[in-house]
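K.L.:
could you look at this predicted model? Sequence included:
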Amino acid sequence: MSVISGLSKADFKTASDGLLELSEERLRSLMRTEPITDVYHVEQTPFARGKFASVRKIRHLVSGAEYAAKFIRKRRRAADSTREIQHEVAVLALCAGCTRVVRLHEVYETRSEVAIVLELCAGGELQRLLDEEERLSEGAARRALRHVLEGLAHLHARRIAHLDLKPQNLLLTAEGEELLICDFGISRAIQPGAHVREILGTRDYVAPEILSYEPLSLAADMWSVGVLAYVLVSGYSPFAGDTKQETYLNIAQCQLSFPGDLFRGVSARAQQFIRDTLVVDPKGRLTVEECLEHPWLKDDADIPRAIVGVGFDASDASEEGLDDGDDSRPHGVNGHGHNGVNGSNGSTNGTHEEDRVSPAPTQEDSKPLKHAHARDASPPCPDAPSTPKVSRKSVPHPPSVLALCKKFQPDYEKPGKLPAECAPPCACACACAGSPAPCLRLRPARPPTDRALIC
């Protein structure tokens with residue numbers, strides 16, 4: 001009998017920083033200290049690798065059962081990350097009874113690293129399917145989102161926010177019939193009355209309130225669900241700009257559009273679901289329960305037995321270009337993502353790269369569009385080499401808005417004192433002076449936190 005099955009709610013407690021902790025007794029019973037190679041054959045070549053973690057296929061020496069082992073280094077940039085690793089183990093243990101979360105089998109610990117043994121999902125990442133097929137059929141997207149939301153319902157009922165939902169953290173079973181959530185490295189426990197503020201997530205999927213350094217909430221996952229829905233049915237990101245700061249500005253202002261060439265054949269219900277989740281005010285978004293009751297997801301018609309992808313037909317690309325004014329057409333630029341299983345995108349417990357803001361372009365360039373799963377040859381985050389840079393150009397902004405990009409900078413990186421008030425013309429990154437977009441008022445500079453990140 002697994003020691004995980006003997007855990008109860010009383011064995012878990014939440015720290016003030018949102019990390020879940022197991023009691024010392026339970027932690028000692030869960031962590032095995034013998035060499036993992038005494039129990040498993042460990043493949044030398046990892047099928048996924050980050051700067052501080054790698055995922056390898058392992059096989060039990062006696063039973064022959066296969067698993068995926070996630071090896072995580074305890075020290076990162078001279079800092080001890082043991083608490084973050086134990087948090088990920090605790091979240092997986094808390095979700096042991098959920099069929100939509102990858103199952104924890106056991107944990108091995110040495111002086112330098114921890115190996116988390118997980119259920120093997122032979123279908124690999126959902127990202128792999130997007131790499132091969134460009135997008136999902138609408139029925140397959142509905143099936144995938146149902147499974148994601150069922151897993152989120154289990155997490156949110158336990159006050160756990162994943163904070164990094166994206167195709168790389170969604171795993172398929174061998175036949176593609178089931179989808180599971182993985183990678184809880186930057187998840188946080190959200191307790192009523194507690195205010196945990198951190199800049200966490202992946203660039204194109206991060207919620208606007210996180211960029212504004214507001215307290216973390218379960219609603220941040222619902223924003224990521226909306227972005228995920230957009231990506232699955234179109235193959236493109238809804239907010240990606242030519243630069244990081246432009247992407248952040250698009251997110252903060254919710255610059256959302258549905259180009260005809262990308263959404264031809266996509267139902268009005270699907271587009272309404274996306275609109276209902278991509279709401280700037282977290283209180284205005286659908287909850288996970290409301291999403292599951294949404295007419296688009298409740299409808300059982302045309303849902304396949306397996307999650308499958310479809311490419312863009314030649315007829316889908318109009319000679320007139322996209323509705324957003326860009327004269328480019330989808331080119332099917334596929335990335336070179338790994339085809340491993342239980343993929344770790346490298347952001348296993350977050351990356352710590354400083355996202356320095358570069359000046360914004362002075363004019364709109366006419367560049368070919370890239371799919372939401374296109375990957376850079378040089379990854380944007382050295383800690384997460386397989387994290388994609390989503391670079392679909394959004395709807396062109398007026399020059400006055402673009403000019404704000406060079407001033408938009410995360411407040412934890414902004415040195416010196418900043419103005420407390422914002423009145424046009426202003427020196428902060430806001431979009432006032434007649435614009436309906438929210439004012440992105442910079443806050444006084446704060447000392448950097450070592451867990452702040454955006455990939």
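P.N.:
It's in. Source: prediction; values computed, not measured.

K.L.:
mean confidence for the strand or helix carrying Ile85?
P.N.:
Of the helices and strands defined by DSSP states H and E, Ile85 is found in helix 82-94. This predicted structure assigns helix 82-94 an average pLDDT of 95.

K.L.:
for it, C-alpha coordinates in CSV please.
P.N.:
Listed next in CSV are the C-alpha coordinates belonging to helix 82-94 (Å, rounded to 0.1, in the frame of the first residue of the first chain):
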residue,chain,number,x,y,z
THR,A,82,13.8,22.4,-0.8
ARG,A,83,10.5,24.1,0.4
GLU,A,84,9.4,24.6,-3.2
ILE,A,85,10.1,21.0,-4.0
GLN,A,86,8.3,19.8,-0.9
HIS,A,87,5.3,22.0,-1.9
GLU,A,88,5.1,20.3,-5.3
VAL,A,89,5.1,16.9,-3.6
ALA,A,90,2.5,18.0,-1.1
VAL,A,91,0.2,19.3,-3.9
LEU,A,92,0.5,16.0,-5.8
ALA,A,93,-0.2,14.1,-2.7
LEU,A,94,-3.2,16.2,-1.9
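
K.L.:
per-residue confidence at the nearest residue to Val39 once chain neighbours are set aside?
P.N.:
For Val39, the nearest residue in space outside its immediate sequence neighbours is Leu61; the separation is 6.3 Å by C-beta to C-beta, 6 or more residues apart in numbering. No exception for glycine: its C-beta is placed from N, CA and C like everyone else's. Model confidence at Leu61, given as pLDDT, is 97.

K.L.:
quick one: Leu61 from Arg76, how far?
P.N.:
Going from Leu61 to Arg76 by C-beta to C-beta, to the nearest Å gives 31 Å.

K.L.:
okay, those two: which has more neighbours?
P.N.:
Residue environment comparison for Leu61 versus Arg76 gives the larger neighbour count to Arg76, 19 against 11, counting by other C-beta atoms under 10 Å.

K.L.:
number of nearby residues for the nearest residue to the more buried one once chain neighbours are set aside?
P.N.:
The shortest distance from Arg76 to any non-neighbouring residue, by C-beta to C-beta, 6+ apart, is to Phe52 (5.0 Å). Taking other C-beta under 10 Å as the neighbour definition, Phe52 ends up with a count of 25.

K.L.:
you'd agree Phe52 is up against Lys70?
P.N.:
No. Judged on C-beta atoms under 8 Å, Phe52 makes no contact with Lys70 at a distance of 10.9 Å.

K.L.:
now for the helix holding Ile85, which elements pack on it?
P.N.:
Applying 3 or more C-beta pairs under 8 Å, 6 or more residues apart in numbering; DSSP states H and E, one finds that helix 82-94 makes contact with strand 20-22, helix 24-30, strand 104-109, strand 113-119.

K.L.:
the shortest one pairs with which strands, parallel or anti?
P.N.:
Right, the one you point to is strand 20-22. If you go by DSSP bridges, strand 20-22 pairs up with strand 12-14 (antiparallel).

K.L.:
tell me the buried residues in the partner strand?
P.N.:
The neighbour-count criterion (16 or more other C-beta atoms under 10 Å) identifies Phe12, Thr14 as the buried residues of strand 12-14.

K.L.:
same question, stretch 81-101
P.N.:
Going by 16+ other C-beta under 10 Å, stretch 81-101 has these buried residues: 81, 84-95, 98, 100-101.

K.L.:
same thing with stretch 175-184?
P.N.:
So stretch 175-184, judged by 16+ other C-beta under 10 Å, has buried residues Gly176, Glu178, Leu179, Leu180, Ile181, Cys182, Asp183, Phe184.

K.L.:
lowest-confidence entry in those?
P.N.:
If you rank the buried residues of stretch 175-184 by pLDDT, Gly176 sits at the bottom with 90.

K.L.:
tell me the contacts of that residue?
P.N.:
Taking C-beta atoms under 8 Å, 6 or more residues apart in numbering as the contact definition, Gly176 lies against Gly123, Leu129, Ala306, Ile307, Val308.

K.L.:
so how far is Cys254 from it?
P.N.:
From Gly176 to Cys254 the distance is 32 Å (C-beta to C-beta).
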